[in-house]
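Asks: Predicted model, plus sequence, below.
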2 protein chains.
Amino acid sequence: MSDVANGEPCTSPLELFNSIAAQGALVKSLKAKKASKDEIDCAVKMLLSLKMSYKAAMGEDYKADCPPGNPSTVSSSDPDATEASEDFVDPWTVRTSSAKGIDYDKLIVQFGSSKIDKELINRIERAIGQRPHRFLRRGIFFSHRDMNQVLDAYENKKPFYLYTGRGPSSEAMHVGHLIPFIFTKWLQDVFNVPLVVQMSDDEKYLWKDLTLDQAYSYTMENAKDIIACGFDINKTFIFSDLEYMGRSPGFYKNVVKIQKHVTFNQVKGIFGFTDSDCIGKISFPAVQAAPSFSNSFPQIFRDRTDIQCLIPCAIDQDPYFRMTRDVAPRIGYPKPALLHSTFFPALQGAQTKMSASDPNSSIFLTDTAKQIKTKVNKHAFSGGRDTVEEHRQFGGNCDVDVSFMYLTFFLEDDDKLEQIRKDYTSGAMLTGELKKTLIDVLQPLIAEHQARRKEVTDEMVKEFMTPRQLSFHFQ
Amino acid sequence: MSDVANGEPCTSPLELFNSIAAQGALVKSLKAKKASKDEIDCAVKMLLSLKMSYKAAMGEDYKADCPPGNPSTVSSSDPDATEASEDFVDPWTVRTSSAKGIDYDKLIVQFGSSKIDKELINRIERAIGQRPHRFLRRGIFFSHRDMNQVLDAYENKKPFYLYTGRGPSSEAMHVGHLIPFIFTKWLQDVFNVPLVVQMSDDEKYLWKDLTLDQAYSYTMENAKDIIACGFDINKTFIFSDLEYMGRSPGFYKNVVKIQKHVTFNQVKGIFGFTDSDCIGKISFPAVQAAPSFSNSFPQIFRDRTDIQCLIPCAIDQDPYFRMTRDVAPRIGYPKPALLHSTFFPALQGAQTKMSASDPNSSIFLTDTAKQIKTKVNKHAFSGGRDTVEEHRQFGGNCDVDVSFMYLTFFLEDDDKLEQIRKDYTSGAMLTGELKKTLIDVLQPLIAEHQARRKEVTDEMVKEFMTPRQLSFHFQ
């Protein structure tokens, strides 16, 4: 399912198996002869890609002593695979044991995506004639697929569009949920392109203990928070799956097209579904994939099938779009490009999970100034020392300090952020001061969001969610 | 998935396994002590029901030496199971080795449905105040589920509606395809109820080597033949899945609801899907199930969820509706009732399959009078003797004679049909005369269909296929 495999869709499982064995031998010999780090990394990356392709095709992990077609024998533990699977990321689980959070460089290798490097950021800056967003400058959007292709199109005045989404699992959204939307609004502004936002209420109905009506009502509540991020009503279409499927001639046709070209074995390999999962979960990935193709929105793009899609999302959503990119050429559509963000850490630390049901795990969009102050002061995991004396002497650790991490997300001023990093690391800045800085940033940010949300009327929501023409220039 | 299991949805696989073992022992002891046929039949029916429930729950056949949870050991051949599985019927395969065709009494036991007996036919006659259709009088519609409940509703002036369908796999329809529609038109007339007709072009796209456009164009062609059966435009809604899914707020919601309540294990057990099947096939059964629930058609039934549905269809479609009936109470909807027909035999005999790609396997709705004559004379399998002399002496066999079978479908006059049966069986009627009688029935039948089809305009098709209010009285 990785890009390596995409180039060779006709590879048989046995050929894949043999390629993995050969590549494994190569990695071992490179390590044995102490080859350069780059050389070994590259070979390991290839090996992992092959293994992911194998798993996607076969629905089970590659096992060195069990060629495809043979019954499973005792599974051999495989050091290279283990090495890369300390962290685990899929759309439902993000697991790491490190207080610094997920190792994103390893994730790039594991997922087969590309790093957003200085060169790409410079190219974006040249293309848009503006300073890149702090999420790009600071590696918060850190990985991509085919972003250069999007820039080629943009520079050639060819149209593209943005697609992002939200699974409305509750009314409560926290600041972490805003990350993709803040960035997507910036992309919409600087590239001046249309945007579609999928509210996957069908997904939440299938996965959670919700009724259809509950899932839909969360869609409507969450839509207000999304609109409050400032999207251009003339260039933005927000849709509930439950509603839009019954209002579009193009959406279901694309869903069925995708569903014809993905097997249960494949979704088993990609998403870990089992025979006990309901058929709704099993077929849902096609619903998340379909908005990647422009003719799912005939009211915006008419019958055009060739308009490039760019998807800004958190990296845990990548499995859906690896599948989408694998299917796209087989049904005659362009592959969507992607921009991946890191995860927003829980207040308790980057290795724990934020939870909508634990109000102290994050800052919610409904929190008061006082709640924000209390939460940061009481719950934000600190990289500081046990006593002021020790802190002054040895300094704090920004790599694990959640307040500092939050500032990298929300403090616009690069110089100020760098100064804080230096001062906290040296011990010149105390934890209380760091937390106060964060509180001073978060309080107005949340208050302003709340003010903007209050201005979002039901009529505006209705208009954003009406299938309609957007301001879009065909080329 | 059978009704027996429906009553006990909480039975664990192991409990089911033990029930089967106990019931198997009972059957053996009944046989050993030469109990009455009725008693043995009843016990076998129960045993088969339990085995079907087991297969539906576990995704694999019951094996006497392999309790659930244990790895599969050598499979034991099981005489009772084998007995009932000489014939095989599912939506894609109908297999029998008998020239008389499928053993429908056994199928009733195997599927857990009920026979349409004289008593039920009499009740229908009393309810409608008319003579029952020849398909009922002659056992062509031979099996049902909950038809008494539909009659209860009808007698209490409670509304119900009809649902039938067609998978448009090609432009060419043959007379066999008309059976459910001829009968459904009669039901619509005598009960004066609305009808929805599903054209499952999404299914045909998923199963066949077709494009979406081809599948949809077959829908439009087949719709004309269906309309030519004489349905009331004020009471009939025909819909293409590919189109209607994008035009109804209620349809997709019901599809998702059903998909949440059916696992891959279950569809594996019911339909024989494998891990290599595409996720479109795996989730499709929910699309065929959804029209069984009245709120899939808000333009007809508004938000009413409680209107009873009656589905006339060939028995091979029953697996879809066993699944539907299993799901219905769990999502708060009434179970659809069913009327099952036998299969229409191929010209070459009841054990062979009609094929749209073999023009000589049936009478097509586009055949000329001359083609009909030639096909019947050349291809209709005969139950006659090798020579006239032998035929006169020993008589013909109506049980395997396809011309006679076709007459039971299309000759309205019971007395005349009975006379033919007697004369052919005694040898008084020769095969040529029998075939001529059939030709004289089929030629005007097809010619009249063609004339009616010619009168079906594109505007009429459009109106039949527009989601709209039908003439329907709420109670």
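Replies: Perfect, thanks for sending it. Keep in mind the model is a prediction, meaning the values are calculated, not measured.
Asks: Residues of the stretch 151-300 of chain A that sit close to chain B?
Replies: Of all the residues in the stretch 151-300 of chain A, those in contact range of chain B (CB under 8 Å from any CB of the partner chain) are A:202, A:205-206, A:212, A:242-243, A:245-253, A:256-257, A:259-265, A:267-268, A:273-280, A:282-283, A:285-286. Every residue, glycine included, has its C-beta placed from N, CA and C.
Asks: Can you select the buried ones from these in ChimeraX?
Replies: To isolate in ChimeraX the members of these that are buried, counting by 16 or more other CB atoms under 10 Å in any protein chain shown, one can use:
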select /A:202,205,206,212,242,243,245,246,247,248,250,251,252,253,256,257,259,260,261,262,263,264,265,267,268,273,275,277,278,279,280,282,283,285,286
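Asks: Just want the residue of the stretch 101-250 of chain A that's nearest chain B.
Replies: Nearest to chain B, among the residues of the stretch 101-250 of chain A, is A:Met245, at 4.0 Å (CB to the nearest CB).
Asks: any idea how far that residue lies from A:Gly427?
Replies: Distance of A:Met245 to A:Gly427, given as CB to CB, to the nearest Å: 57 Å.
Asks: Could you pull out the helices in the stretch 1-150 of chain A for me?
Replies: Taking DSSP state H, counting those that start in this stretch to define them, one finds helices in the stretch 1-150 of chain A at A:3-6, A:13-32, A:37-58, A:79-84, A:104-111, A:118-128, A:134-137, A:147-155.
Asks: And for the stretch 351-475 of chain A?
Replies: Under DSSP H, counting those that start in this stretch, the stretch 351-475 of chain A gives helices at A:369-379, A:388-394, A:402-410, A:414-426, A:431-454, A:458-464.
Asks: Out of the ones you listed, which one sits most buried?
Replies: helix A:402-410 (a mean of 22; mean count of other CB atoms under 10 Å in any protein chain shown).
Asks: Could you give the average pLDDT over that one?
Replies: The average pLDDT within helix A:402-410 is 97.
Asks: Could you tell me the least trusted of the helices of the stretch 1-150 of chain A?
Replies: Minimum mean pLDDT among the helices of the stretch 1-150 of chain A: helix A:3-6, a mean of 31.
Asks: For the nearest residue to A:Glu60 once chain neighbours are set aside, grab phi and psi.
Replies: Take A:Glu60 and drop its neighbours on the chain: the residue closest to it by CB to CB, 6 or more residues apart in numbering or on different chains is A:Gly269, 7.4 Å away. The phi and psi values for A:Gly269, taken as degrees, to the nearest 10, are phi -70, psi -40.
Asks: how many other residues sit next to A:Ser113?
Replies: Using other CB atoms under 10 Å in any protein chain shown, the number of residues around A:Ser113 comes to 23.
Asks: Might one say that it is in contact with A:Arg325?
Replies: No. Applying CB atoms under 8 Å, one finds A:Ser113 not in contact with A:Arg325, separated by 10.5 Å.
Asks: residues shared between the contacts of these two?
Replies: A:Arg145 (CB atoms under 8 Å, 6 or more residues apart in numbering or on different chains).
Asks: Which residue ranges of the stretch 151-300 of chain A form strands?
Replies: A:160-166, A:195-199, A:236-240 (DSSP state E, counting those that start in this stretch).
Asks: got a pLDDT number for A:Asp413?
Replies: At A:Asp413, pLDDT is 97.
Asks: I'd like to know how far it sits from A:Arg134.
Replies: From A:Asp413 to A:Arg134 the distance is 9 Å (CB to CB).
Asks: And for A:Leu120?
Replies: Using CB to CB, A:Leu120 is found at 16 Å from A:Arg134.
Asks: between these two, which one's more packed in?
Replies: A:Arg134 (20 against 17).
Asks: Excluding sequence neighbours, find me the nearest residue to the more buried one.
Replies: Ranked by CB to CB, 6+ apart and with sequence neighbours excluded, the top spatial neighbour of A:Arg134 is A:Glu412, at 6.0 Å.
Asks: What about that neighbour, how many residues nearby?
Replies: A:Glu412 has 9 neighbours, counted by other CB under 10 Å.
Asks: so it touches A:Arg137, yeah?
Replies: No. Between A:Glu412 and A:Arg137 there is no contact under CB under 8 Å: 10.2 Å.
Asks: and A:Ala451, what does it touch?
Replies: Contacts of A:Ala451 by CB under 8 Å, 6+ apart: none found.
Asks: What pLDDT is listed against it?
Replies: Looking at A:Ala451, its pLDDT reads 98.
Asks: And for A:Gly7?
Replies: Looking at A:Gly7, its pLDDT is 31.
Asks: Where does pLDDT dip in the stretch 351-475 of chain A?
Replies: By pLDDT under 70, the weakly predicted segments of the stretch 351-475 of chain A are A:353, A:356, A:474-475.
Asks: Could you rerun that using 80?
Replies: A:351-357, A:472-475 (pLDDT under 80).
Asks: you'd agree A:Cys313 is up against A:Gly167?
Replies: No. A:Cys313 lies out of contact with A:Gly167 (CB under 8 Å); the separation is 11.3 Å.
Asks: For the nearest residue to A:Leu434 once chain neighbours are set aside, list the residues it contacts.
Replies: Excluding its sequence neighbours, the residue lying closest to A:Leu434 (CB to CB, 6+ apart) is A:Ser403, at 5.1 Å. Applying CB under 8 Å, 6+ apart to A:Ser403 gives the contacts A:376, A:380, A:382, A:431, A:434-435, A:437-438.
Asks: Then A:Lys33?
Replies: Under the criterion of CB under 8 Å, 6+ apart, A:Lys33 has no contact partners.
Asks: how about 10 Å then?
Replies: Shown in contact with A:Lys33 (CB atoms under 10 Å, 6 or more residues apart in numbering or on different chains): A:Glu39.
Asks: Read off the pLDDT value for it.
Replies: The predicted local confidence for A:Lys33 is 72.
Asks: what's the distance between it and A:Asp232?
Replies: Noted for A:Lys33: a distance of 57 Å to A:Asp232, by CB to CB.
Asks: what's the answer for A:Met220, then?
Replies: According to CB to CB, A:Met220 stands 20 Å off from A:Asp232.
Asks: Please apply the same query to A:Glu86.
Replies: 42 Å.
Asks: Check A:Gly250 too.
Replies: 23 Å.
Asks: center of chain A - which residue?
Replies: Chain A has A:Ala314 as the residue nearest its centroid, 1.5 Å off, counting by CA atoms, centre = their mean.
Asks: That residue is in contact with A:His340, isn't it?
Replies: Yes. Here A:Ala314 reaches A:His340: they are 7.0 Å apart, a contact under CB atoms under 10 Å.
Asks: Pull up the overlap in contacts between the two.
Replies: Contact criterion CB under 10 Å, 6+ apart; residues shared by A:Ala314 and A:His340: A:141, A:180.
Asks: Could you check what's spatially nearest to whatever residue of the stretch 351-475 of chain A ends up closest to chain B, not counting adjacent residues?
Replies: Nearest residue of the stretch 351-475 of chain A to chain B: A:Pro467, at 10.2 Å (CB to the nearest CB). Nearest residue to A:Pro467, sequence neighbours excluded (CB to CB, 6+ apart): A:Gln299, at 4.6 Å.
Asks: Now do the same contact list for the one you found.
Replies: Neighbouring residues of A:Gln299 by CB under 10 Å, 6+ apart: A:237, A:247-250, A:466-470.
Asks: same deal with A:Asn397?
Replies: By CB under 10 Å, 6+ apart, A:Asn397 lies in contact with A:99-100, A:382-385, A:404, A:424-425.
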